[in-house]
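Participant: here's a sequence, model it:
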Amino acid sequence: MKPFHPAAYLSGLDIDVMRFGLEAITALLARAGRPQNDFPAVLIGGTNGKGSTAVMLTAMLQQAGMRVGLYTSPHLVDVRERIVVDGDMIPRCDLAKLLAEIRDLASEPITYFECLTAAAFLYFSRRRVDLAVLEVGLGGRLDATNVCRPLVSVITNIALEHTAWLGKTLADIAREKAGIIKQGGVCLTAANRPQVLNVFEKTCRERQAALFRLGVDFKIRRRPDGAVSYAGRRRKIGPLTVPLRGRHQAQNLALALAAAEVLEEKGYHIGDAAIARGLAGTRWAARMETLLSRPLFLLDGAHNPAGIATLCRTLGEDFPGRRLILVFSALADKNYRGMLDRIGPPALRIYLPPLATGRAVAPGALAAYARARGYPVCETASVAEAVKKAMAGAGKNDVICACGSLYLAGEIKQTFQHRAGCGKKPAVGKKARR
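Facilitator: Reported below is the predicted structural model:
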């Protein structure tokens, strides 16, 4: 028998292939013993803020003494970032064994995402996690994560995204996202547009599920000093310091706290002290992450117009009057025109590197669009060159920000690899030791 090479097997699945449908993942997991049923879960979908909500909730649960599995996507540098237990990425040897097992169990071709989702479920089952926090990959109804049985489903927000797959309108996209709402379940959301809420309310009525809304059933108030106070259906807590930069993170924190409330109603104890400790230790890469202080180099994973609009607001609030230099790239299936229209005008200079994926927009196409609108752009031969030129051209008070794609974020993280830890997921703190 030929030796098994995990990296070659994964790369052979092709990270860019997506499939809408649960038949393949359901059949694979059935042959694996249905590991997704071995642990309770929280399932988090939406357009933006899924990962931030997930890591804040995970940090609180860990500090409450639970063993927590965290599944997120995509990864930035190391695929093991996607599968984490108690703050530790899955060991290479464990991932290799699981991939070999999945290869042997699969009776039909599976996608990259389906493979890693199955690996996460198997790993969490065998580590006997008390609870898993799962981030939906794309959409919701037909996403591979949706084979689990969540105690609570969270839908952060809805904006136009992946319209070729999810639909052309907000209502279409909301119907796909609402697919994670389960019969008799609980749904939390920060969405507030009527056409979206109509879909969620109808789905919850049909499935006899409870719907709780930010601003109605639970609330968050941001104080002048940046701290927040939370008022839920049963808990009031504050002031709390939001660990991640940007006003929008208060909304994500509210969803995480509301999810914690639902879990407490289901028998999980998560005290105020655990919440405060968990938030204090929360980290999440590529979410207004500071890579360098001099010059200030920020990395953000915003990759759609709604996310870029939030990023622009945060830059204006946190760094008023400071000149902005951009490193920007995007995938072809994203609305890169809408992103550039929002962030292009305030930029002093925009560096446009190529990405190491066939899904990326060519720098020349980005440059042509930007120049036609009068934005000052410079194409570069690589991400490393874009970073070097941006830093060389930055004044002492300028802000460099890289955004537009998580693929770009991953390549930039690799240029700062000497600053990353080894073997740890830089997202959440360690489980409380008692």
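Participant: how about the least confident helix or strand in the chain by mean pLDDT: buried residues?
Facilitator: Within the chain, no helix or strand scores below helix 163-166, which has a mean of 79 by mean pLDDT, DSSP states H and E. Buried positions in helix 163-166, judged by neighbour count with 16 or more other CB atoms under 10 Å: Leu166. Glycine gets a C-beta too; all of them are placed from N, C-alpha and C.
Participant: ok, residues contacting stretch 6-17?
Facilitator: 74, 79, 92, 95-96, 99-100, 103, 110-112, 115-116, 357-359 (CB atoms under 8 Å, 6 or more residues apart in numbering).
Participant: between those residues, which is closest to Phe212?
Facilitator: Nearest to Phe212 among those: Pro74, at 29.0 Å, using CB to CB.
Participant: before we move on, back to that, what average pLDDT does the helix or strand following the least confident helix or strand of the chain get?
Facilitator: On the C-terminal side of helix 163-166, the closest following helix or strand by DSSP states H and E is helix 170-177. The average pLDDT within helix 170-177 is 96.
Participant: pull the CA atoms of helix 170-177 into PDB?
Facilitator: Extracted as PDB, the C-alpha positions of helix 170-177 are listed here (Å, rounded to 0.1, in the frame of the first residue of the first chain):
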ATOM      1  CA  LEU A 170     -31.600  39.600   1.000                       C
ATOM      2  CA  ALA A 171     -34.700  37.400   1.400                       C
ATOM      3  CA  ASP A 172     -33.200  34.700  -0.700                       C
ATOM      4  CA  ILE A 173     -30.000  34.800   1.300                       C
ATOM      5  CA  ALA A 174     -32.000  34.900   4.600                       C
ATOM      6  CA  ARG A 175     -33.800  31.700   3.600                       C
ATOM      7  CA  GLU A 176     -30.500  29.900   3.100                       C
ATOM      8  CA  LYS A 177     -29.200  31.200   6.400                       C
END
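Participant: and after that helix, which helix or strand comes next?
Facilitator: Following helix 170-177 in sequence, per DSSP H and E, is strand 186-189.
Participant: about what we covered before: then the least confident helix or strand of the chain to CSV, C-alphas only?
Facilitator: Only the C-alpha atoms of helix 163-166 are listed here, as CSV (Å, rounded to 0.1, in the frame of the first residue of the first chain):
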residue,chain,number,x,y,z
THR,A,163,-25.3,35.7,-4.8
ALA,A,164,-24.4,33.1,-7.4
TRP,A,165,-25.1,30.4,-4.8
LEU,A,166,-27.4,31.9,-2.2
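Participant: quick one: that helix to chain centroid distance?
Facilitator: Relative to the chain's own centre, helix 163-166 is displaced by 19 Å; criterion: CA atoms, centre = their mean, to the nearest Å.
Participant: what does that helix rub up against?
Facilitator: Taking CB under 8 Å, 6+ apart as the rule, helix 163-166 contacts 18, 20, 138-139, 172-173, 176, 333.
Participant: which two of the residues you listed have the greatest separation?
Facilitator: Pairwise over the contacts of helix 163-166, using CB to CB, the maximum falls at Met18 and Asp172, 17.1 Å.
Participant: just to revisit the earlier point, inside helices: which ones of the contacts of stretch 6-17?
Facilitator: Judged by DSSP state H, helices contain the following of those: 92, 95-96, 99-100, 103, 112, 115-116.
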